[in-house]
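Asker: Got a predicted structure plus its sequence, pasted below:
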Amino acid sequence: MSYHRILAAFDGSELAEKALRHAVDLAERRPGTYLTVVHVRQRPLVFGVSGYGFIQPEGFEQEIAAHEATLLARIQQHTDSLPYTEVSVLTGIPAPAILAHAAERNCDLIVMGSRGLTTIREIMLGSVSHHVVQRATVPVLVVK
């Protein structure tokens, strides 16, 4: 099956990089395929209880910006050969953000890495790839 609009989720992990390579390969096989690469910035929850709260450490925003710049450079290395590529940095909870962006862009395939969590950790923490697979309305390729 050929795909025309592919979304690749990228979190900087080794498996995400492998998934991105797969997405680029699929896009290169069919000229005119549009590749959207997304990175989801998950912000810590801000809370306060009786005078206690979350205070961002000094330089936190600069570290986030530097990390994202590194991720974007890595994405660019993989996608330079493709004529139709979009890279987006989203903010929110990763799985819903990925699904919403894929729907907005009318993607017909989502490609992402699997973190390979153990069964107990996956039950306790959840899995972004599992959430996406369960709720996506288009095929999802999970790369291991």
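Answerer: Everything's here; your move. Just so it is clear, the model here is predicted, and its values are computed rather than measured. Residues are numbered from 1 along each chain as shown.
Asker: Which helix or strand lies directly C-terminal to the longest helix along the chain?
Answerer: Counting by DSSP state H, the longest helix found in the chain is helix 60-79. On the C-terminal side of helix 60-79, the closest following helix or strand by DSSP states H and E is strand 85-91.
Asker: ok, now which ones touch L35?
Answerer: The contact partners of L35, taken as C-beta atoms under 8 Å, 6 or more residues apart in numbering, are I6, L7, A8, A23, V24, A27, T79, L82, Y84, T85, E86. Yep, even glycine has a C-beta here, placed from its N, CA and C like the rest.
Asker: Number of residues surrounding the fourth one?
Answerer: Just to be clear, that refers to A23. 29 (other C-beta atoms under 10 Å).
Asker: For it, give its distance to A97.
Answerer: 17 Å (C-beta to C-beta, to the nearest Å).
Asker: Report the residue spans of this protein with pLDDT below the cut-off.
Answerer: Within the chain, the stretches with pLDDT under 70 are 43-56, 116-126.
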